[in-house]
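Engineer: how would this look folded up:
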Amino acid sequence: MTTRRRATGTAGASSRTTSPRRARDGKSTYPCPNCGTQYRIPQEKLDDSIKCANCGRVFVPTASSQRGLAKKSSATPFVVGGGVLVGAIVIGIMIANSGGAPVAPVKPIAVAPETGMNNPRVRDVAEWVEALQKANDFKLKQTSDWAELARFLAVGKDTPPADLSAAVITELLGGTRSAFLRVAELTSASIKPDQAAAASGWVEVHVILRKPDEKKKYQRDTGEYRVSFRSAEGRFVVVGWEAMYEPPPKAPPDPNLERAVTHAILGKAQDVQRTLDGQTFTAREAELKPLPHLDATPPEQQREIDEAVAHVVDLEGSPAQSNRAMDKLRRIGKPSVPRLLNQMYEIVTTTKLDSRDALLKLRRLEQSLEQLSGNRFGFDPSEGVVGNAGREEYRVSALKQWYGWWADNHASKKWNIGIEQDETLEPTPKPDPNQKDGAAKK
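Structural biologist: You can find the predicted model right below:
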């Protein structure tokens, strides 16, 4: 039978009386090592486990007695250990102040420049684009450089300065140059890190057509622009823009046009989904293949075309020579197209696209095709071209789009629909020296 006595002091006081005391009845008194509650335990139970009724601690009386004796001598090591710890701290302080090796300064973490909408350049340009799309002339007046935009749009030459803004707004909201930009919707705008703090530069702008009626008018629904800006009176104003990619308008139905003819070599162009910088669009493409002259091209004209194409891609020749060659191909017209495309094929299949010379040659060929057809498919050798997340894919797609355009339009009477109607691309026939003046008139 074990009897319990309630501890009269603190647990710490009880733990000091850990030696067993034997009474006349043969029972010894042992305290709980946890809470100090004392128990009178018979001699035969001293090695048994006892559960404290007060705190629930389970202990063996004889074992707890031995631990209690050990605790009495534990203070000295603690005091000595504390002294060692304090000494170590003091020694550390002395070493730190003893003029030892200097501590290397912490390098500041470089902060990346803001290139999104939080950059005031991007924000002000985005406001201008949205003002153009919403025909908000009040906001346009706040975000435009009238003099620069007038020169850019070639308007207001004889307009008094007081009326210049009105002339520019009229052109912005009704002219052909801003036609696609003002009917589309802004989707994103950003600036290159090296221009993020510049007083002038350009912002990359992506737009998309949302309205179904507008989508029907263009061959694709996305556009990419570089909108130029400069600092003026505490904000940034727009001075012009460059279309990096702008879809051409769809050709109106031609009742006299024959049914579509499949190209004998290229076959039919295919619609291909491309994603660049998060923007997805459908590209009309055909595979790059070698193309001969048109069957109806005379041998003499074939030699003229091949010679002119060679001058276009001759990087050692003068710029004037290249320009004259482009102008000659423009005058020859449609027979020049397959040989310009064939030259593209030869460059792509024999040279790496990251070669500077190859990129410049391809850009010249595309410029010549632009002059011939009035189309543009976005090939640009610049390292900073908008949307060139996958640069090689972007460039190859642009070349394949030229092939796709030719596959679709090689048999069309209006293959060069993008050219202004008053511009003559076909060569002017030479007058017959044997024909008298007025003989041809009826």
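
Engineer: Name the residues that touch stretch 396-406?
Structural biologist: Stretch 396-406 is contacted from outside by 263, 266, 269-270, 272, 274, 283-289, 337-338, 341, 344, 348, 353, 362, 366, 369, 373, 375, 377-379, using CB atoms under 8 Å, 6 or more residues apart in numbering. All C-beta atoms are positioned from the backbone trio N, CA, C, and that covers glycine.

Engineer: Among these, which lie within helices?
Structural biologist: The helices, defined by DSSP state H, take in 337-338, 341, 344, 348, 362, 366, 369, 373 from the contacts of stretch 396-406.

Engineer: out of those residues, which one sits closest to Glu300?
Structural biologist: Lowest distance from Glu300 to those (CB to CB) belongs to Pro338, with 17.0 Å.

Engineer: which residues touch the closest one?
Structural biologist: Counting by CB under 8 Å, 6+ apart, Pro338 has contacts 291-294, 406, 410.

Engineer: domain ranges for this protein?
Structural biologist: 3-71, 120-245, 270-409 (automatic domain parsing).

Engineer: Quickly, which of those bottoms out on average pLDDT?
Structural biologist: The minimum mean pLDDT among the domains of the chain belongs to domain 3-71 (a mean of 67).

Engineer: do you know how far Pro113 is from Arg230?
Structural biologist: In this view, Pro113 and Arg230 are 19 Å apart by CB to CB, to the nearest Å.

Engineer: Ok, Val272 next?
Structural biologist: Taking CB to CB, one finds Val272 at 39 Å from Arg230.

Engineer: that older thread, buried subset of the contacts of Pro338, written for PyMOL?
Structural biologist: To isolate the buried subset of the contacts of Pro338 in PyMOL, counting by 16 or more other CB atoms under 10 Å, use the following:
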select buried, resi 291+293+294+406+410
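
Engineer: Sort out for me which of the contacts of Pro338 are in helices.
Structural biologist: The helices, defined by DSSP H, take in Trp406 from the contacts of Pro338.

Engineer: Closest one of the contacts of Pro338 to Leu209?
Structural biologist: Closest to Leu209 out of these is Trp406 (25.4 Å), distances taken as CB to CB.

Engineer: I'd like the distance from the closest one to Gln133, if you could.
Structural biologist: Relative to Gln133, and taking CB to CB, Trp406 is found at 34 Å.

Engineer: for Leu149, same thing?
Structural biologist: Leu149 is 16 Å from Gln133, where distance means CB to CB.

Engineer: Who has more neighbours out of those two?
Structural biologist: Neighbour comparison, Leu149 and Gln133: the larger count goes to Leu149, with 24 against 16 (by other CB atoms under 10 Å).

Engineer: Quick check, that one in contact with Trp241.
Structural biologist: No: with contact defined as CB atoms under 8 Å, Leu149 does not reach Trp241; the gap is 9.6 Å.

Engineer: list the contacts for Ile50?
Structural biologist: The contact partners of Ile50, by CB under 8 Å, 6+ apart, come to 2, 30, 39, 41, 58-61.

Engineer: next one: Val272
Structural biologist: Going by CB under 8 Å, 6+ apart, Val272 touches 282-285, 397, 400.

Engineer: for it, which residues make a bridge with it?
Structural biologist: Counting by DSSP bridges, Val272 forms beta bridges with Ala283.

Engineer: Using JSON lines, lay out the domains of the chain together with distance to Trp415.
Structural biologist: Formatted as JSON lines, those follow (distance: least, CB to CB, whole Å):
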{"stretch": "domain 3-71", "distance to Trp415": "97"}
{"stretch": "domain 120-245", "distance to Trp415": "15"}
{"stretch": "domain 270-409", "distance to Trp415": "4"}
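
Engineer: Nearest approach to Pro108 belongs to which of the ones you listed?
Structural biologist: Using CB to CB, the nearest of those to Pro108 is domain 120-245, at 17.4 Å.

Engineer: quick one: that closest one to chain centroid distance?
Structural biologist: Taking CA atoms, centre = their mean, to the nearest Å, one finds domain 120-245 lying 21 Å from the centre of the chain it belongs to.

Engineer: Spell out, range by range, the helices that occur in the stretch 301-442 of the chain.
Structural biologist: Ranges of helices within the stretch 301-442 of the chain are 319-332, 337-350, 356-373, 391-409, based on DSSP state H, counting those that start in this stretch.

Engineer: wait, which of the ones you listed is closest to Ser190?
Structural biologist: Of all those, it is helix 391-409 that lies closest to Ser190, at 16.9 Å by CB to CB.

Engineer: got the angle between that closest one and helix 337-350?
Structural biologist: 150 degrees (axes from the mean of the first three to the mean of the last three CA atoms, to 10 degrees).

Engineer: Do you have the strands of the stretch 101-250 of the chain handy? List them.
Structural biologist: Secondary structure of the stretch 101-250 of the chain (DSSP state E, counting those that start in this stretch): strands at 185-190, 200-208, 222-232, 235-245.

Engineer: could you dump the ones you listed to TSV with mean neighbour count?
Structural biologist: TSV is the format used below for the strands of the stretch 101-250 of the chain (neighbours: other CB atoms under 10 Å):
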stretch	mean neighbour count
strand 185-190	18
strand 200-208	22
strand 222-232	21
strand 235-245	20
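
Engineer: With respect to Arg121, which of the ones you listed lies nearest?
Structural biologist: strand 235-245 (5.0 Å).

Engineer: Mind giving me the packing neighbours of that closest one?
Structural biologist: With contacts taken as 3 or more CB pairs under 8 Å, 6 or more residues apart in numbering; DSSP states H and E, strand 235-245 sits against helix 120-133, helix 137-143, helix 146-153, helix 179-183, strand 200-208, strand 222-232.

Engineer: Write a ChimeraX command that selects only the buried members of the contacts of Val272.
Structural biologist: Selection command for ChimeraX covering only the buried members of the contacts of Val272, criterion 16+ other CB under 10 Å:
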select :283,284,285,397,400
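
Engineer: Taking the contacts of Val272 together, which two end up most distant?
Structural biologist: Farthest apart among these by CB to CB are Thr282 and Lys400. That separation is 12.8 Å.

Engineer: just to revisit the earlier point, could you dump the contacts of Ile50 to TSV with distance to Asp357 and neighbour count?
Structural biologist: Shown next, in TSV, are the contacts of Ile50 (distance: CB to CB, whole Å; neighbours: other CB atoms under 10 Å):
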residue	distance to Asp357	neighbour count
Thr2	102	15
Tyr30	99	27
Tyr39	100	20
Ile41	102	21
Val58	89	10
Phe59	92	19
Val60	93	16
Pro61	98	22
